[in-house]
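> how would this look folded up:
(one chain, ligands or ions: 2)
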Amino acid sequence: MKALIVGSGGREHALAWALSRSAELEELHAAPGNPGIARLGRCHPVRAEDAEGLLALARAVEADLVVIGPEAPLVAGVADHLRHGGIAVFGPSAAAAGIEGSKSFAKDVMRAAGVPTAATLPVARPPCVVKADGLAAGKGVFICRDAGELDAGLRGAAGLGGQVVIEELLEGEELSVLAICDGARAVPLPAARDYKRAFDGDEGPNTGGMGAVSPVRGFDRQEVDALLAAVHAPVLDELAKRGTPFVGVLYAGLMLTADGARVLEFNCRFGDPETQAILPRVDGDLLGALAAAAAGDLRAVTLEESDLAAVSVALTASDYPASGDAGTPIEGIEDAEELGALVFHAGTARHGETLVTNGGRILNVTALGPKVADARAAAYAAVERIFFAGARYRHDVAADG
Ligand code: AMP
Ligand code: GLY
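Ligands and ions are numbered 1, 2, ... in the order given. Predicted structure coming up:
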């Protein structure tokens, strides 16, 4: 099978790594890809949002399957464009991607499907959560515990344009449950937790994600299956009933409250950086699973969860998330790999022979171990072997695991 991955981050590198392990893979292509992916396949200079360019590329390389990583092209309808052109795609239509692209649409689907979520509030009064309705790359959510935070939140959300949603503030630990979906059925992936805040101790602003761990204590296959039945299955049914079946990864961001799990958000794609901790724990043919989902029939697919734990730590630019860094040489990746770690490129570029920084999150360093503590120790040992000026990372990823 010839596969084309769309995107250029650590998630797409992890996908490329996982697909490369399939016996069925003949050729791997990426658009635009990154220097890490270039070691596994061929990168093409086509942007992830360029629907026309991607269709032409998929035809030129005779791709049997296109896997779309990021949310922006999905919400913009790139999967629809490819499907209309006769290409098999893993990733939802623009209509189904609305589950991530519009908070109010997601709320409406959850209400109709009877899925437990935070209550929508008619008036903004603290404590509450203020959310911008559309895609905001993790920057559209404001937790408001007092009047000052509420003022700032309302201003911040209004500044992003579009509608604002006010929600009940939920307390508890968070959990990410991802499932591969074929429009009707869902095959679960191992549960994960990501570390969203920029600094140790969950301080500082929200980021795209500073690290991830899988498994999460108390959420083995049985508990994940129960969450799939309560959350993913009714949402898939509802979307199918509306004539917009969901094909791709349905990612439920959950809060584990004293009254049970509540959905905070849905994403219409693999999580980043959760994927960098989840995929190394999947035993089975991921390429076959994604192709079966794209073809609309997951009935013959099972994916097992490895007994090993995985921890992934993001190495970022010094000022991330405020700004990124470009052109700074990176050293020590081979040393880290010698320890057995997987080093996924998230924001890198090549200047001649030199690998340099090119983004906010630069690398995701993943390690496996018998227990979370072992994986964590191995991941940090590998992180310490990598150097670039200004490199920063959280020291407490999975410390609670
Ligand atoms: P979202 O963009 O909806 O995923 O929200 C980003 C983050 O904001 C979540 O991972 C939570 O940490 C937090 N969050 C969102 N909604 C709520 C809520 N209703 N109560 C508490 N925290 C929330
Ligand atoms: N790590 C959270 C996300 O992918 O949205």
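> which residues of the protein lie near ligand 2?
Residues of the chain lying close to ligand 2 (Cβ under 6 Å from any ligand atom) are Asp194, Gly209, Asn267, Gly271, Asp272, Glu274. Where you see a C-beta, it was placed from the backbone N, CA and C, and this is true even at glycine.
> between the residues you listed, identify the one with the most neighbours.
Greatest neighbour count in the residues of the chain next to ligand 2, by other Cβ atoms under 10 Å, goes to Glu274: 29 neighbours.
> contacting residues for Arg125?
Arg125 sits next to Leu150 when contact means Cβ atoms under 8 Å, 6 or more residues apart in numbering.
> so how far is Arg83 from it?
As judged by Cβ to Cβ, to the nearest Å, Arg125 and Arg83 stand 45 Å apart.
> what do you get for Glu52?
According to Cβ to Cβ, Glu52 and Arg83 sit 14 Å apart.
> which one of the two is surrounded by more residues?
In this view Glu52 and Arg83 are compared by other Cβ under 10 Å, and Arg83 has more residues nearby, 18 against 11.
> now that one: phi and psi?
Dihedral pair for Arg83: phi -60, psi -40, per degrees, to the nearest 10.
> which residue packs closest to it, ignoring adjacent ones?
With Cβ to Cβ, 6 or more residues apart in numbering as the criterion, Arg83 has its nearest non-adjacent residue at 5.5 Å, and that residue is Val89.
> please apply the same query to Lys371.
Take Lys371 and drop its neighbours on the chain: the residue closest to it by Cβ to Cβ, 6+ apart is Ala309, 5.8 Å away.
> list the contacts of the one you found.
Taking Cβ under 8 Å, 6+ apart as the criterion, Ala309 is in contact with Val213, Ser214, Pro215, Arg281, Leu368, Gly369, Pro370, Lys371, Val372, Asp374, Ala375, Gly401.
> for Leu154, see how far away the residue lying farthest from the centre of the chain is.
Most distant from the centre of the chain: Ala147, at 32.7 Å, with distances by Cα atoms, centre = their mean. Here the distance between Ala147 and Leu154 works out to 11 Å (Cβ to Cβ).
> could you do Gly360 as well?
Gly360 is 27 Å from Leu154, by Cβ to Cβ.
> those two: who's more crowded?
Set Gly360 next to Leu154 and count neighbours by other Cβ under 10 Å: Gly360 wins out with 19 against 16.
> make sure that one is actually in contact with Gly324.
Yes. Shown here, Gly360 and Gly324 form a contact pair, counting by Cβ atoms under 8 Å, at 4.0 Å.
> give me the common contacts of those two.
Ala317, Gly347.
> I'd like the distance between Pro245 and Phe270.
Pro245 is 19 Å from Phe270, by Cβ to Cβ.
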